[in-house]
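Undergrad: Return a 3D structure for these sequence lines:
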Amino acid sequence: RLRIFVDRTLFNNKVDRIKILKTCILKRPSAELQKGFWWHIGNVKELDDNGASFAIGRTTKSKLEIYDPKTKDFIINEHPESPYTQVYIDFPFQIIAIAYKPKLSQYTKSIAQQLERILNLQDLFINQHATANIAALKDPKDFITHLKEAAVVQSFSAEFSLPNLFDSEEDFEKPFQRLIQESEGNKGKAIISGSNLNRAVIEDLARSCAASGNEASAKMKDTEQSRLRTRKLKRSTVILDYDEEDPTESPEEFLKAIRDTYNSIRSDQEND
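TA: Alright, predicted model coming up:
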């Protein structure tokens with residue numbers, strides 16, 4: 001999830017996060033994030049009013065040892081190399097999908113970090129006191145299954161961050177987000193305890209945490225007689241396995257699949 005946080009202490013309450021994000025990506029920025037390593041955003045294509053695809057990659061100098069038949073010498077030939085991968089984004093949802101590309105990085109998390117750094121170096125972000133933060137969406141299925149099947153759930157812990165999401169849980173999550181904001185913090189945690197917690201309520205909170213990239217955990221008993229054990233939402237990053245061989249051949253359909261996946265996290269409905 002690509003979240004945009006804005007420093008509210010500077011009275012810039014009317015900052016349009018979506019406009020900032022869209023404008024920066026459409027400008028196709030570049031930045032030297034490490035000496036000799038330039039990262040770029042390019043190949044931007046708007047897929048509809050709210051979504052786009054683009055490429056992110058890096059340029060470095062690569063050395064190739066070759067034999068020159070004219071001089072009959074072995075020489076070193078330097079040339080630029082620019083591996084890249086595809087990214088798909090829904091601007092209002094602020095969700096992105098990054099294609100796995102081992103030649104660029106063994107971990108998509110590392111690519112996401114470079115994208116985050118590029119955005120945060122842009123003048124529009126700096127001038128508006130906005131910060132991009134990318135966190136992996138969590139797949140809550142297993143965690144919620146354990147919540148539903150547990151005989152007893154005695155406590156639930158949820159992590160909260162600064163206000164950003166248009167679809168944050170209204171009664172519980174948003175007040176905590178405001179508290180973090182007003183105290184000038186970055187993150188917080190709430191713990192609910194009881195003899196046996198209401199599953200519907202904590203399931204909604206678990207989905208909200210998963211959709212925002214925050215953590216959640218619960219202490220539960222599988223049976224009335226079993227011991228308490230802690231189960232966690234973390235380490236369950238959403239991976240989208242697309243049926244089509246090449247998403248670039250039908251990018252609009254792939255973006256729809258991304259949106260459907262996100263909606264399935266937010267609600268108790270399976271993807272079609």
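Undergrad: ok but Thr261 is inside a helix, no?
TA: Yes - applying DSSP: H, G, I helix; E, B strand; the rest coil, one finds Thr261 inside a helix.
Undergrad: can you count the residues close to it?
TA: Residues near Thr261, counting by other C-beta atoms under 10 Å, number 18. (C-beta placed from N, C-alpha, C; glycine too.)
Undergrad: Ok, His146 next?
TA: Residues near His146, counting by other C-beta under 10 Å, number 15.
Undergrad: Quick check: it touching Met220?
TA: Yes - taking C-beta atoms under 8 Å as the contact criterion, His146 and Met220 are neighbours in contact, 6.7 Å apart.
Undergrad: Identify the contacts common to those two.
TA: The overlap between the contact sets of His146 and Met220 (C-beta atoms under 8 Å, 6 or more residues apart in numbering) consists of Arg231.
Undergrad: quick one, phi/psi of the residue lying closest to Lys221 once chain neighbours are set aside?
TA: The spatial neighbour of Lys221 that comes closest, neighbours along the chain excluded (C-beta to C-beta, 6 or more residues apart in numbering), is Val152 at 4.2 Å. For Val152, the backbone dihedrals (degrees, to the nearest 10) come out as phi -140, psi 140.
Undergrad: For Val152, give me the pLDDT.
TA: The per-residue pLDDT reported for Val152 equals 96.
Undergrad: helix, strand or coil for Lys63?
TA: Under the three-state scheme (three-state DSSP), the conformation of Lys63 reads as strand.
Undergrad: ok, now which ones touch it?
TA: If you count contacts by C-beta under 8 Å, 6+ apart, Lys63 has them with Ile76, Asn77, Glu78.
Undergrad: strands paired with the helix or strand containing Ala31, and their directions?
TA: Counting by DSSP states H and E, the element that carries Ala31 is strand 30-34. With DSSP bridges as the test, strand 30-34 is paired with strand 37-46 (antiparallel).
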